[in-house]
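A.B. asks: what's the 3D shape of this:
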Amino acid sequence: MNAYQAYSQLLFAKAGSRGVPLSGTFELTPRCNLDCRMCYIHRRENDAEALRGEASARDWLALAEECCREGTLLLLLTGGEPLLRPDFREIYTGCKRMGLMLSINSNATLIDEKMVDFLAADPPSRVNITLYGASGETYGALCGDPAAYERAVRAILALQSAGVLVKLNCSVTPYNRQDAEKIYAFAHEHRLPVQAASYMFPPVRACEHGCYAPDRLTAAQAAAEKIRYDKSRFTPEELRERWSALLKGESVADPDDECQELPTERIRCRAGSSTFWVTWDRQLRPCGMMTEPSVPLTAGGFAESWKKIRALREEIMVPAKCSACPMANACDQCAAVCFAESGSYTAAPEYMCEQTKCLLEQIRADEIWKNAENRGKN
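C.D. replies: As a prediction, the model looks like this:
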């Protein structure tokens, strides 16, 4: 752990103990110019109903002021695709003037030269860009737009050249699995941090406004992709050390995991303790992947709504099966996963159980681990 990570953990720990909403997310729109098969907010670019329901820039900035008064320092602007909003610059600039440290989630396909210049003039802390594949063909299969690949890559390199910090995200699905290593290679070639996720949530958020079928890997495939990602960022020696601890049932910290666990039998991440999420239709929630608890936001009511969310999150307990599970420290189970998979916070997420079982089996069968075992026997 470096000095920044240690300081960040200390800051969040103090915020959580004092009830300070240190970090938040504003979901500015549910709309997107891409049509990704696994997306949890699935509204099209010209969706009239969504457009009517979106809050104005003035409303978002008024909410940002309320958050600042309660202690918010870090703010993520996301969607959908937040750059679809013609007033994105107004919201961004207004939040920056309040002293908020801003990050942006984007697919990068709408970032042109003017937007690069705008962001470079007053840079965010980071732009998080999801790279959905390594070819136009993959983008066509997964996102519905083959031309989006070149636009995304062009924007990533332009932002980096302009001095704007960029982090790549990779959502591994049946439609882009074959490109995963190429995505990691692209990130390493251009010295960009990359974070991959092979677990895709069931579409519980999408089902709030019209459901669609989930498109995700099998549990065994998701486990295999998690191992492939780890091989791209750890040396064989580091992997053997991490895997040894996991196979013993010990806890192993992930340096790239931003959902740090808290020492409690209740909900174990920062959600609703020091972080919050505001949906596009003005619902305050602990996490963007949760549909409940959810408290409607009214003008001037953030402080009271935050108190309610903090109280409600304390009622969420870790499933008893998970607490007693010998695989717990190798598992990515969380409250949001439990609810999305089972519809209950008290039921274990069977898909994640299977993924973790497959992960440990695949580690034992991996050549890196078998070679380490053979050396130990000799």
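A.B. asks: from here on, contacts and neighbour counts on C-alpha atoms
C.D. replies: Will do.
A.B. asks: which stretch of helix or strand covers the nearest residue to residue 330 once chain neighbours are set aside?
C.D. replies: Spatial nearest neighbour of residue 330, excluding adjacent residues (C-alpha to C-alpha, 6 or more residues apart in numbering): residue 246 at 5.7 Å. Using DSSP states H and E, the element containing residue 246 is helix 236-247.
A.B. asks: So which bits of that helix are buried?
C.D. replies: For helix 236-247, the neighbour count (16 or more other C-alpha atoms under 10 Å) marks 239, 240, 242, 243, 244, 246, 247 as buried.
A.B. asks: give me the low-pLDDT residue ranges for the chain?
C.D. replies: 1, 203-214, 258-266, 373-378 (pLDDT under 70).
A.B. asks: Does residue 364 fall in a helix, a strand, or a coil region?
C.D. replies: Following DSSP: H, G, I helix; E, B strand; the rest coil, we place residue 364 in the helix state.
A.B. asks: can you pull out the helices in the stretch 101-250 of the chain?
C.D. replies: All helices of the stretch 101-250 of the chain, identified by DSSP state H, counting those that start in this stretch, fall at 113-121, 136-143, 148-161, 180-189, 219-233, 236-247.
A.B. asks: Centre of the chain to the longest one, how far?
C.D. replies: Taking C-alpha atoms, centre = their mean, to the nearest Å, one finds the center of helix 219-233 at 17 Å from the center of the full chain.
A.B. asks: From the contact counts, what lies against that helix?
C.D. replies: If you count contacts as 3 or more C-alpha pairs under 8 Å, 6 or more residues apart in numbering; DSSP states H and E, helix 219-233 packs onto helix 180-189, strand 194-197, helix 350-365.
A.B. asks: Make TSV out of these and add distance to residue 74.
C.D. replies: Converted to TSV, the helices and strands packed on helix 219-233 look like this (distance: least, C-alpha to C-alpha, whole Å):
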stretch	distance to residue 74
helix 180-189	25
strand 194-197	20
helix 350-365	30
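A.B. asks: Any chance of CSV for these, columns mean neighbour count and distance to residue 291?
C.D. replies: Conversion of the helices and strands packed on helix 219-233 to CSV gives the following (neighbours: other C-alpha atoms under 10 Å; distance: least, C-alpha to C-alpha, whole Å):
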stretch, mean neighbour count, distance to residue 291
helix 180-189, 17, 30
strand 194-197, 20, 21
helix 350-365, 18, 19
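A.B. asks: Now residue 111. Nearest residue, chain neighbours left out?
C.D. replies: In space, and not counting its chain neighbours, residue 111 is closest to residue 155: 5.8 Å by C-alpha to C-alpha, 6+ apart.
A.B. asks: Isn't the one you found up against residue 107?
C.D. replies: No - if you go by C-alpha atoms under 8 Å, residue 155 and residue 107 don't touch, sitting 9.5 Å apart.
A.B. asks: For the two, indicate the residue with more neighbours.
C.D. replies: The neighbour count for residue 155 versus residue 107, taken as other C-alpha atoms under 10 Å, is higher for residue 107 (27 against 22).
A.B. asks: which residues sit in contact with the closest residue to residue 175 other than its chain neighbours?
C.D. replies: Among residues not flanking residue 175 along the chain, residue 142 sits closest, at 5.6 Å (C-alpha to C-alpha, 6+ apart). Counting by C-alpha atoms under 8 Å, 6 or more residues apart in numbering, residue 142 makes contact with 35, 36, 37, 132, 175, 176.
A.B. asks: Determine which two of the residues you listed are furthest apart.
C.D. replies: Using C-alpha to C-alpha, the contacts of residue 142 span at most 14.3 Å, a distance reached by 35 and 176.
A.B. asks: Residues in a beta bridge with the closest residue to residue 81 other than its chain neighbours, which ones?
C.D. replies: Leaving out its chain neighbours, the residue that sits closest to residue 81 by C-alpha to C-alpha, 6+ apart is residue 32, at 4.8 Å. For residue 32, the beta-bridge partners under DSSP bridges are residue 44.
A.B. asks: Over to residue 77?
C.D. replies: residue 26, residue 104.
A.B. asks: okay, now it: neighbour count?
C.D. replies: Residues lying near residue 77 (other C-alpha under 10 Å) number 23.
A.B. asks: didn't it look like it was pressed against residue 28?
C.D. replies: Yes - at 6.8 Å, residue 77 and residue 28 qualify as touching, with contact defined as C-alpha under 8 Å.
A.B. asks: which SS class is residue 337?
C.D. replies: Under three-state DSSP, residue 337 falls in the helix class.
A.B. asks: mind listing what it touches?
C.D. replies: Contacts of residue 337 (C-alpha under 8 Å, 6+ apart): 201, 349.
A.B. asks: From residue 222, how far off is it?
C.D. replies: Distance, residue 337 to residue 222, by C-alpha to C-alpha, to the nearest Å: 15 Å.
A.B. asks: if we can go back for a sec, distance to residue 81 added to the contacts of residue 142, as JSON lines?
C.D. replies: Output for the contacts of residue 142, formatted as JSON lines (distance: C-alpha to C-alpha, whole Å):
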{"residue": "35", "distance to residue 81": "11"}
{"residue": "36", "distance to residue 81": "12"}
{"residue": "37", "distance to residue 81": "15"}
{"residue": "132", "distance to residue 81": "14"}
{"residue": "175", "distance to residue 81": "21"}
{"residue": "176", "distance to residue 81": "20"}
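A.B. asks: Heading C-terminal from the helix or strand that residue 75 is a member of, find the next helix or strand.
C.D. replies: Assigned by DSSP H and E, residue 75 falls within strand 74-78. Downstream of strand 74-78, the next assigned helix or strand under DSSP H and E is helix 88-97.
A.B. asks: buried ones in that next one?
C.D. replies: Under 16+ other C-alpha under 10 Å, the buried positions of helix 88-97 are 91, 92, 94, 95, 96.
A.B. asks: could you say what helices and strands that helix packs with?
C.D. replies: Using 3+ C-alpha pairs under 8 Å, 6+ apart: helix 88-97 touches helix 57-70, strand 101-106.
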